[in-house]
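Engineer: here you go, sequence then predicted model.
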Amino acid sequence: MRRGLAGGRCDGLDPAETCVLSQPRSASLPWQGDRRNSAAASAFVRSIRSADLHVFSGNGGVVDWESWQHSWDRQQELYLPEREERFRVMMDVVAAAVGPTPHVLDLACGTGTISRRLLERMPRARSVAVDMDPTMLAIARGSFQGDSRITFVTADLSDPGWMESLPIEPFDAVLTATSLHWMKSEAVMRLYADLAKLVRPGGVFLNADHMPDPETPILNAIDEVIQKAHQERARVTGALDWEQWWATVAGDPGFAEEHAGSRAIFDRHGGGDEHPIGWHCLRLKEAGFLETGVAWRSINDAMVVAVR
């Protein structure tokens, strides 16, 4: 069993998704492909200086959860430069809609990024954080060790019975980011119907995700140029990409069991569907939400808000 370093809850810091690992749209998996790819991943882990990778475990199994959180954030920001702005707006909407003491469902919680920002912004909030990926949940649980304000639930959002492990009490808000594009359209529509049952009247659901519009190809091309330029700048400062981050997990013997579980999830994942903003707003209305709209957006990313 691992022990956390600098114990207690981590203040301040994500996607993931049904298989919920917040994978960038274009990323391949570090364990996919031939043996040369696996060897390359291993060589990468060995070649980077320990100071650059932050040696996260060792010392008798002690894990520096804060370093893992920081590395996950930097990796996600490589693909989402406006990530913190999205979270700020998300918390603004929650505070304005349901007040400073919300009961929140952190859907596809990943490493607990949304809950970290929620509890930092609203210390009297409570969170139920749901995910199915063992690596993500290990980092999240380690980071929040000893914090009674958060409860973790292991569940697969693609399973029709995923709600069975949740508390009976309704939620003031359901929040998710960079996750639902992992799911097929039918599964998302079923999930939206489930959420309409979980959110109390007057409560809100916020979904921040990739929502590209196929009707704007020129703008989409402009966004691709913007993203590539940002990624080049971030890599210069040492940001790891998706494959490199997972290579560090694979190279840490303390995460052997969790990484094997994450790999199994990836191996059986069949891909998801991305939809524009209008599709999400329409499906949420069909599911029973009273009003829908856009709380934040860039060219190809947006945050849809729905009021129950």
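Structural biologist: Perfect, thanks for sending it.

Engineer: show me where pLDDT drops low in this protein?
Structural biologist: Within the chain, the stretches with pLDDT under 70 are 1-61.

Engineer: give the contact list for His230.
Structural biologist: Residues near His230 by Cβ atoms under 8 Å, 6 or more residues apart in numbering: Leu78, Pro81. In short, each C-beta sits where N, CA and C put it, glycine included.

Engineer: what about it, distance to Asp131?
Structural biologist: 27 Å (Cβ to Cβ, to the nearest Å).

Engineer: Glu120 too?
Structural biologist: Remark: distance between Glu120 and Asp131 (Cβ to Cβ) = 20 Å.

Engineer: the more surrounded of these two?
Structural biologist: The neighbour comparison of Glu120 against Asp131 (other Cβ atoms under 10 Å) goes to Asp131, with 30 against 14.

Engineer: do I have it right that the more buried one meets Leu105?
Structural biologist: No. If you go by Cβ atoms under 8 Å, Asp131 and Leu105 don't touch, sitting 11.6 Å apart.

Engineer: what segments of this structure are strands?
Structural biologist: 3-4, 62-63, 103-107, 126-131, 150-154, 171-177, 199-210, 291-297, 301-307 (DSSP state E).

Engineer: which of those sits closest to Val225?
Structural biologist: Evaluated with Cβ to Cβ, the strands of the chain place strand 301-307 nearest to Val225, the distance being 15.3 Å.

Engineer: ok, that closest one: who's next to it in the sheet?
Structural biologist: Strand 301-307 has these partner strands in its sheet, going by DSSP bridges: strand 199-210 (antiparallel), strand 291-297 (antiparallel).

Engineer: then the last one to CSV, C-alphas only?
Structural biologist: Included here for strand 291-297 are C-alpha records, laid out as CSV according to Å, rounded to 0.1, in the frame of the first residue of the first chain:
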residue,chain,number,x,y,z
GLU,A,291,-33.3,25.8,-20.0
THR,A,292,-30.0,25.3,-21.7
GLY,A,293,-27.3,27.7,-22.9
VAL,A,294,-23.6,28.4,-23.2
ALA,A,295,-21.7,29.6,-20.2
TRP,A,296,-18.3,29.7,-21.9
ARG,A,297,-16.8,28.9,-25.3
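
Engineer: identify the residues contacting it?
Structural biologist: Against strand 291-297 from outside (Cβ under 8 Å, 6+ apart): 85-86, 89-90, 93, 206, 208, 211, 277, 280-281, 284-285, 302-307.

Engineer: re earlier: out of the strands of the chain, which is closest to Gly271?
Structural biologist: strand 199-210 (13.3 Å).
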